[in-house]
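>>> How does the following fold in three dimensions:
(one chain, ligands or ions: 1)
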Amino acid sequence: MQQYLNEIYEEIKQTHLTGKVASYIPELQHVDPSKFGMFITDVQGNQWHIGDHLDLFSIQSISKAMTAALVFSIMDEALWLRVGKEPSGSSFNSLVQLEYEKGVPRNPLINAGAIVMADLLIDLLNDPVPDYLNFVRKLANDGSIEFDLNVFESEKKTGFRNIALANFMKSFGNIHNDVDDVLDLYFKTCSIRMSCKQLADAFLLFTNHGFHKNTGEQILTVSQTKRLNALMQTCGFYDEAGDFTYKVGLPGKSGVGGGIVAILPNKYSVAVWSPVLNAKGNSEAGMKALELLTTLSGHSIF
Ligand code: GLN
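Down below sits the predicted model:
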């Protein structure tokens, strides 16, 4: 594995990236575009890494996989009364399908879907903001994980599309709580800062049939884990899910902070970070690095 990471690092360093760092959330644009880190952890506890693997960055939509896991672990199949499980084929923050589909988002891994998940968490958790953070800390086995309040405030001030999505869904009756409270929780979940190491550790849950690697606690059932992995495969990269599946062949989730986490069931979890995004809002070098990993290693779910 270390040999693969070394090769990937060399290749990425020589690749000219054509995309841009996210700037629609103003606070995200200050990040150094040359950053690159990667961390792999396997179910036996072996770890391999390269580059800026301990740097903290904004996880953004990677949180959507953890939010879906938390809601699914509590509600099980009743979750699907509020959100679909079909790929959207449109951008992460698209409004168009919602009109035709009466305010029910295509899946929980796009913005509209994650906003519905935040609405559900307000009803399901005693103290949603700290309870959510504690869930993420538990998954990563790391109590130091925090929200980034600058990113949170920045998105809250400029998140007009998300505000529109939440209000639009409320008009169809698919948001039950106060829109501001729902968006506060949604923006908080996106603002969490984590490193590649912490993300790879957290996503071992999906590698490991829903069992927490350190405590052995079953957080998701085997069936729920399989199903969320299926969703990540088909929906984790929005309108680039097909391309990611074609090139990488692993279930995964991306975020506009430039992070991607992917898993090979039973084997390993890998997180990569490079802040320069392609036109679909996914990390350009991150996609390339994972494509190289599964090509060099010959591993994929297919
Ligand atoms: N917080 C971001 C938003 O709502 C998350 C988007 C993403 O990472 N794709 O726009």
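
>>> Nearest to the ligand: which residue in the stretch 101-250 of the chain?
Minimum separation of the stretch 101-250 of the chain from the ligand (CB to the nearest ligand atom) falls at residue 190, amounting to 3.6 Å. All C-beta atoms are positioned from the backbone trio N, CA, C, and that covers glycine.

>>> Figure out the helix or strand that that residue lives in.
When secondary structure is defined using DSSP states H and E, the element that contains residue 190 is helix 179-191.

>>> Also residue 289?
Residue 289 is part of helix 284-297, with elements assigned from DSSP H and E.

>>> again, but for residue 199
When elements are assigned from DSSP H and E, residue 199 belongs to helix 196-202.

>>> Check whether that helix comes near the ligand.
No: contact of helix 196-202 with the ligand is not found when judged by CB under 6 Å from any ligand atom; the minimum separation is 13.3 Å.

>>> If we go by neighbour counts, what in that helix is buried?
Of the residues in helix 196-202, those buried under the neighbour-count criterion (16 or more other CB atoms under 10 Å) are 196, 197, 198, 199, 200, 201, 202.

>>> Is it possible to get a markdown table of those that adds pLDDT?
A markdown table is the format used below for those (pLDDT from 0 to 100):
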| residue | pLDDT |
| --- | --- |
| 196 | 98 |
| 197 | 98 |
| 198 | 98 |
| 199 | 98 |
| 200 | 98 |
| 201 | 98 |
| 202 | 98 |
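
>>> Return the member of the residues you listed nearest to residue 134.
Nearest to residue 134 among these, counting by CB to CB, is residue 202 at 12.6 Å.

>>> Hmm, residue 195 and that closest one touching each other?
No: shown here, residue 202 and residue 195 do not form a contact pair, counting by CB atoms under 8 Å, at 10.5 Å.

>>> So residue 97 sits against residue 88, correct?
Yes: with the criterion set as CB under 8 Å, residue 97 and residue 88 qualify as a contacting pair; they are 6.3 Å apart.

>>> So for those two, which sits in the more crowded spot?
Just comparing residue 97 and residue 88: by other CB atoms under 10 Å the higher neighbour count belongs to residue 88, 23 against 17.

>>> Quick check: nearest residue in space to that one, chain neighbours excluded?
Spatial nearest neighbour of residue 88, excluding adjacent residues (CB to CB, 6 or more residues apart in numbering): residue 106 at 4.1 Å.

>>> returning to what we had before: okay, buried residues for the helix holding residue 190 please.
Judged by neighbour count (16+ other CB under 10 Å), helix 179-191 contains these buried residues: 179, 182, 183, 184, 185, 186, 187, 188, 189, 190, 191.

>>> Overlap in contacts, residue 97 and residue 88.
105, 106 (CB atoms under 8 Å, 6 or more residues apart in numbering).
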